[in-house]
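Peer 1: pasting the structure only:
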């Protein structure tokens, strides 16, 4: 066999192997077919909303600033559709991200609809904490950190998608700094669980936390109570939902020498916020709140069931602070608690929904 024939034969074998593996050169590589239906449907809905919305600064209209923001969201969605059609997207999550953002834009715009409610009007308070758009600032106080025993009590209502990231904080004083230790507490959601997290120390990055599946009765109120009592031998941390025990957790946080760690309330005044964590603002959620109370004692289950059905005057023993949030305030930047010692401020996006009598 001549050298020319041997070269040709090896070339033919190589081409055959290459074609058998990669296929014909004229064929296009396998591509994922992306479904753009949700993007197109959202664009149609959003365009219909903006085309029919009344823009102004009186009741029955949407604020001009909200309309500008909504139009920007529409333009972003249009850009996303163009990129998807041009083949810039190859994974379904890239499409889903645009649809999620479109849902959020629609909700934000619709909630901007202007309706004036007179102070004292019975209403439900909704706070839009997602993306740090709104929160309740209760100020700061050494009392907010609690101590060897305390109870956090509130009613909460939420809808599907009420938090988006790893943790959604309902109410928290939690601090990531202060002599290198984690201090304070938070009532939060993570994954499918409702949890309580306590800063334990004096070691750094030590927390006592536990959780259990949160109720998925969306659009309904739940009475949520977190209780801590350091004096118990076991089950120092408890949580109740609608008067029933959700979980009990024994403190098992020890240091390198095996010493049991204690709850660290604060080495300084701690801020207390609802719907956004004061220091890690990525921990946020959207929901409704009413009858929030913080106690300096550990409430029993029978106590909790009584509190569910009752109100507080502000003069109760061991009551640190209490806000009802059941009617439109005179001044949303200065809402006095029922003890008369603290004030809260509604910050950013929130909405009062009038209660039908």
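Peer 2: Perfect, thanks for sending it. Predicted model only: the values in this text are computed from it and were never measured.
Peer 1: elements contacting the longest helix seen in the chain?
Peer 2: Using DSSP state H, we find that the single longest helix of the chain is helix 64-85. Contacts defined by 3 or more Cβ pairs under 8 Å, 6 or more residues apart in numbering; DSSP states H and E place helix 64-85 against helix 37-52, helix 92-110. (C-beta placed from N, C-alpha, C; glycine too.)
Peer 1: residue 229: which of these is closest?
Peer 2: Residue 229 lies closest to helix 92-110 among those, at 39.7 Å (Cβ to Cβ).
Peer 1: what's the first helix or strand after that closest one?
Peer 2: Remark: after helix 92-110, the chain's next helix or strand is strand 123-128, criterion DSSP states H and E.
Peer 1: which strands border that following strand, and is each parallel or antiparallel?
Peer 2: strand 286-295 (antiparallel), strand 350-354 (antiparallel) (DSSP bridges).
Peer 1: pick the most deeply packed of the ones you listed.
Peer 2: Comparing the strands paired with strand 123-128 by mean neighbour count (mean count of other Cβ atoms under 10 Å), strand 286-295 comes out on top with a mean of 23.
Peer 1: next, the angle from it to helix 92-110.
Peer 2: 70 degrees (axes from the mean of the first three to the mean of the last three Cα atoms, to 10 degrees).
Peer 1: tell me the mean pLDDT for strand 286-295?
Peer 2: For strand 286-295, mean pLDDT is 98.
Peer 1: next: stretch 198-213.
Peer 2: 91.
Peer 1: what do you get for stretch 65-77?
Peer 2: The average pLDDT within stretch 65-77 is 94.
Peer 1: contacts for that stretch?
Peer 2: By Cβ atoms under 8 Å, 6 or more residues apart in numbering, the residues outside stretch 65-77 that reach it are 39, 42-43, 46-47, 49-50, 53, 55, 98, 101-102, 105, 108-109, 112.
Peer 1: distance between that stretch and the chain's centre?
Peer 2: Computed by Cα atoms, centre = their mean, to the nearest Å, the chain-centroid distance of stretch 65-77 equals 23 Å.
Peer 1: what comes up buried for it?
Peer 2: For stretch 65-77, the neighbour count (16 or more other Cβ atoms under 10 Å) marks 66-67, 70, 73-74, 77 as buried.
Peer 1: again with stretch 269-288
Peer 2: 270-279, 283-288.
Peer 1: from those, pick the one nearest residue 241.
Peer 2: Comparing these against residue 241 with Cβ to Cβ picks out residue 287 as the nearest, at 14.7 Å.
Peer 1: what bridges to the closest one?
Peer 2: Here residue 287 sits in beta bridges with residue 127, going by DSSP bridges.
Peer 1: do you know how far it is from residue 356?
Peer 2: 21 Å (Cβ to Cβ, to the nearest Å).
Peer 1: what angle do the longest helix of the chain and helix 37-52 make?
Peer 2: Going by the same axes, to 10 degrees, helix 64-85 makes 150 degrees with helix 37-52.
Peer 1: now the closest residue to residue 313 other than its chain neighbours: how far from residue 125?
Peer 2: Leaving aside its sequence neighbours, residue 313 sits nearest to residue 338 (Cβ to Cβ, 6 or more residues apart in numbering; 6.8 Å). Remark: distance between residue 338 and residue 125 (Cβ to Cβ) = 16 Å.
Peer 1: quick check: residue 272 is in a helix.
Peer 2: No - with DSSP: H, G, I helix; E, B strand; the rest coil as the criterion, residue 272 is strand rather than part of a helix.
Peer 1: before we move on, the earlier item: wait, which of the buried residues of stretch 65-77 is closest to residue 119?
Peer 2: residue 66 (23.4 Å).
Peer 1: and the longest helix of the chain, how far out from the chain middle?
Peer 2: The chain centre lies 24 Å from the centre of helix 64-85; the measure is Cα atoms, centre = their mean.
Peer 1: then stretch 291-310?
Peer 2: Distance, centroid of stretch 291-310 to centroid of chain: 24 Å (Cα atoms, centre = their mean).
Peer 1: what are the buried residues along that stretch?
Peer 2: 291-295, 297-299, 303-305, 307.
Peer 1: tell me which of those is nearest to residue 254?
Peer 2: Of these, the one sitting nearest to residue 254 (Cβ to Cβ) turns out to be residue 298, at 22.4 Å.
Peer 1: what sits against the closest one?
Peer 2: 149-151, 227-229.
Peer 1: list the contacts for the closest residue to it other than its chain neighbours?
Peer 2: Leaving aside its sequence neighbours, residue 298 sits nearest to residue 229 (Cβ to Cβ, 6+ apart; 3.7 Å). By Cβ under 8 Å, 6+ apart, the contact list for residue 229 reads 148-149, 236, 298.
Peer 1: again, only this time at 7 Å
Peer 2: Neighbour list for residue 229: 149, 236, 298 [criterion: Cβ atoms under 7 Å, 6 or more residues apart in numbering].
Peer 1: output the residues you listed as JSON lines; include the columns secondary structure.
Peer 2: Output for those, formatted as JSON lines (three-state DSSP):
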{"residue": "149", "secondary structure": "strand"}
{"residue": "236", "secondary structure": "coil"}
{"residue": "298", "secondary structure": "coil"}
